[in-house]
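S.K.: everything below, folded, please.
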Amino acid sequence: MRIDVLTIFPDLIRQVLSFSIPGRAISSGILEVVAHDLRDHTEDVHRTVDDTPYGGGAGMVFKPEPIARALGSIPSDGPLEHVIYLTPEGKRFDQGIANRLSTVDHLVLLCGRYRGIDDRIRQKYVTEEISVGDYVLSGGELPALVLIDAVARLIPGAVGDAESALEDSFQDGLLDCPWYTRPRDFEGLTVPDVLLSGDHKQISLWRKQEAEKRTQERRPDLLEDL
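M.R.: Numbers count the residues shown, from 1 in each chain. A predicted model of the protein is given here:
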């Protein structure tokens, strides 16, 4: 899989993705992430990527030309089919979207700043808009990193134990069950006996029941979709 990220802070993308599962996926060659500096696609001496909005108002808006040039510089056999703009106005990101995007060979992520981007880029180039939550961040870089991390762990070979990614929270519409490790007794709290029984059928049943219980307590809204 290849992911191109359009941003004014390419080093932020590169540095964060050098760690953990995305970093290992990149090192092993199953994931390629290319961070493009939008300022490299400007034509003035000041490398200007933004301007004041038409009609007035506070803040600045990303100009369309640098974004269009950056998109045009990305190698592709045809039109870019998956250009994702990270914005609070987009569809809320969830595990289902991560699963879908993990099957795509090439993604382009567009990170806005300030008041956002000139809407003509959205009209002409953007194919999907995604939000990581109902709040506003300083820019699209952190949402892009969240998306990349969620997608990278689903690429075959990225996670050492392939089953672990499939058993994560939300994969089956439920939150994850409680997990325990040594020691058996920690400050008076003990591991549930069933996990020490060696009865894998009962352990599996317990984990399912605990996942349902935790979901009911913490995210009952998820059960409405099951």
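S.K.: the helix or strand where Leu86 lies packs against which elements?
M.R.: Following DSSP states H and E, the helix or strand that holds Leu86 is strand 83-92. When contacts are defined as 3 or more CB pairs under 8 Å, 6 or more residues apart in numbering; DSSP states H and E, strand 83-92 packs onto strand 106-111, strand 128-131, helix 141-152. (Glycine included, C-beta is placed from N, CA and C.)
S.K.: now with 10 Å?
M.R.: For strand 83-92, the packing partners by 3 or more CB pairs under 10 Å, 6 or more residues apart in numbering; DSSP states H and E come out as strand 2-7, helix 64-72, helix 95-101, strand 106-111, helix 119-124, strand 128-131, helix 141-152.
S.K.: next, the buried residues of that strand.
M.R.: For strand 83-92, burial by neighbour count (16 or more other CB atoms under 10 Å) applies to 83-88, 90.
S.K.: just stretch 2-18 next, same as before
M.R.: 3-10, 12-13, 16-17.
S.K.: closest to Leu223 among those residues?
M.R.: Ile3 (33.0 Å; CB to CB).
S.K.: quickly list what that closest one is bridged to.
M.R.: Val33, Leu107 (DSSP bridges).
S.K.: that one against Leu107, yeah?
M.R.: Yes: counting by CB atoms under 10 Å, Leu107 is a contact partner of Ile3 at 4.7 Å.
S.K.: common neighbours of those two, please.
M.R.: Residues touching both Ile3 and Leu107 (CB atoms under 10 Å, 6 or more residues apart in numbering) are 33, 82, 84, 101, 144, 147-148, 151.
S.K.: selecting buried members of those residues in ChimeraX, what would you type?
M.R.: The ChimeraX selection below is limited to those of the shared contacts of Ile3 and Leu107 classed as buried (16+ other CB under 10 Å):
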select :33,84,101,144,147,148,151
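S.K.: dump the shared contacts of Ile3 and Leu107 to CSV, plus pLDDT and distance to Gly57.
M.R.: Converted to CSV, these look like this (pLDDT from 0 to 100; distance: CB to CB, whole Å):
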residue, pLDDT, distance to Gly57
Val33, 98, 34
His82, 98, 31
Ile84, 98, 26
Leu101, 98, 33
Ala144, 98, 26
Leu147, 98, 29
Ile148, 98, 32
Val151, 97, 35
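S.K.: okay, which residue is most central for this structure?
M.R.: The centroid of the chain falls nearest to Leu147 when counting by CA atoms, centre = their mean (0.7 Å).
S.K.: relative to His106, how far out is the most far-flung residue of the chain relative to its centre?
M.R.: No residue in the chain sits farther from the centre than Gly188, which is 38.7 Å out by CA atoms, centre = their mean. Note on Gly188: its distance to His106, by CB to CB, to the nearest Å, is 53 Å.
S.K.: what do you get for Val49?
M.R.: For Val49, the distance to His106 - CB to CB - is 24 Å.
S.K.: and these two? Which one has more around it.
M.R.: Neighbour comparison, Val49 and His106: the larger count goes to Val49, with 23 against 17 (by other CB atoms under 10 Å).
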